[in-house]
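just the structure for this:
(chains A and B)
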Amino acid sequence: MTLMALLLLAVGTYGFRLAGPLLHGRFQPSAEAQRLLSIGAAVLLVALLATAALTQGHGFAGWARPAGVLTGAVLAWRKAPFMAVVAAAAATTALLRLAGVP
Amino acid sequence: MRSLCRTGDPRLLRDVALVCLADGVIGVSFGAIAVAGGMPAWLPVAMSLIVFAGAAQFSAVGMLLTGGSPLAAAATGLLLNTRTVPFSLALADSLGSGRAARLLGAHLITDETAAFALAQRDPARRRAAFWLSGLALFATWNVGVLAGSLAGNALGDTDALGLDAAYPAVLLALTLPALRDLRTRRAALTGAALALAATPFLPPGLPVLLALTGLLAAGRAS
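The predicted structure follows:
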């Protein structure tokens, strides 16, 4: 079942990537359709990160994880390098857990 | 790839190296999180080779680890990857002219390679930047995931290392530039609020898909 899902994801993703070479010059989505596609991708990403940062199963994830994500967010907002954002988020959460914050 | 040597642009090489380094580290954490969550090591490794899309991989694995159905995990990954369609259309000229170049190059289309290629002025440099960043990222991402998957169990409790905060932080850093746009911000914040409100009641995976109704809050093009 998991293997089928993996293959579905892989084949579908490759299909999206082939759109350009296959349709080459024959089709161009409207500007508004392209905008909605990219807004839709951002909506999915933000919903994913919000639920991943704040929830675990059906409940609240505890304070350590969102505090780490918030630290990373501030650094990203200040245009810090990608590596610094990731390291700061993980380190904040790890230190809070070490101090006993769930 | 004679054109690769012709780029010789030190700034491009440096930027590609930095992004490769960051993606490699994220790859390590992806492999480690998947294996520590109870997946067999081959799954994240195979997924990285044949899907090769970071955000989709993280969301699919995250959904499987929180008890979501494999089908919902694949659907979420596919929805996220629909954004490669406009990239693919924009990059059609940059892959090369041969059939093999186009079939192989298509697999290397990601947010990062599109950004590197489309930043170049003329077609030859686009092609060179695309292949340089594509091959380098494919190599570092997969080596990182392999290392993380093998080390996953040795790393022990990834929660103690705070790795569960790394994934949302990565997504945030990737989406932040898009959120400077008002329509995107309105839709994304509405969608995220809906997803959070629905999480206690819906099975895993569905709240994120429900967030797409936030598109209604995007408003019309002005």
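
and the chain, what are its domain boundaries?
I went with chain A, as the question did not name one. Here the domain assignment for chain A is A:1-46, A:62-102, based on automatic domain parsing.

hmm, I had chain B in mind actually
Recorded structural domains for chain B (assignment: automatic domain parsing) are B:2-163, B:181-222.

quick one: the strands in chain A, in order.
Assignment of strands within chain A using DSSP state E yields the ranges A:55-56, A:59-60.

ok, and which of the ones you listed has the densest surroundings?
When you average the neighbours per residue for each of the strands of chain A (mean count of other CB atoms under 10 Å in any protein chain shown), strand A:55-56 leads with a mean of 17. From N, CA and C alone the C-beta is placed, and that goes for glycine too.

hmm, who's touching that one?
For strand A:55-56, the surrounding residues in contact (CB atoms under 8 Å, 6 or more residues apart in numbering or on different chains) are A:Ala61, A:Gly62, B:Thr66, B:Leu196, B:Thr199.

just give me the residue right at the centre of chain B.
The residue at the geometric middle of chain B, judged as the C-alpha nearest the mean C-alpha position with CA atoms, centre = their mean, is B:Gly54 (2.8 Å).

got it, and chain A?
Taking CA atoms, centre = their mean, the centroid of chain A lies closest to A:Leu45, which sits 4.5 Å from it.

quick check: chain neighbours aside, which residue is closest to that one?
Nearest residue to A:Leu45, sequence neighbours excluded (CB to CB, 6 or more residues apart in numbering or on different chains): B:Thr175, at 4.6 Å.

quick one: residues in contact with the strand or helix carrying that neighbour.
Following DSSP states H and E, the helix or strand that holds B:Thr175 is helix B:163-175. With contact meaning CB under 8 Å, 6+ apart, helix B:163-175 is reached by A:42, A:45-46, A:48-50, A:52-53, A:64-65, A:68-69, A:72-73, A:76, A:82, A:85-86, A:88-90, A:92-93, B:26, B:29, B:32-33, B:36, B:54-55, B:58, B:62, B:111, B:158, B:188.

how about that helix as PDB, C-alpha atoms only?
Output for helix B:163-175, consisting of C-alpha atoms alone and laid out as PDB, is shown next (Å, rounded to 0.1, in the frame of the first residue of the first chain):
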ATOM      1  CA  LEU B 163      14.600  17.900  14.500                       C
ATOM      2  CA  ASP B 164      10.800  18.100  14.500                       C
ATOM      3  CA  ALA B 165      11.100  21.900  14.600                       C
ATOM      4  CA  ALA B 166      13.500  21.900  11.600                       C
ATOM      5  CA  TYR B 167      10.900  20.800   9.100                       C
ATOM      6  CA  PRO B 168       8.300  23.500   9.700                       C
ATOM      7  CA  ALA B 169      11.200  26.000   9.800                       C
ATOM      8  CA  VAL B 170      12.400  24.800   6.400                       C
ATOM      9  CA  LEU B 171       8.900  25.200   4.900                       C
ATOM     10  CA  LEU B 172       8.600  28.700   6.400                       C
ATOM     11  CA  ALA B 173      11.900  29.800   5.000                       C
ATOM     12  CA  LEU B 174      10.800  28.500   1.600                       C
ATOM     13  CA  THR B 175       7.400  30.200   1.700                       C
END
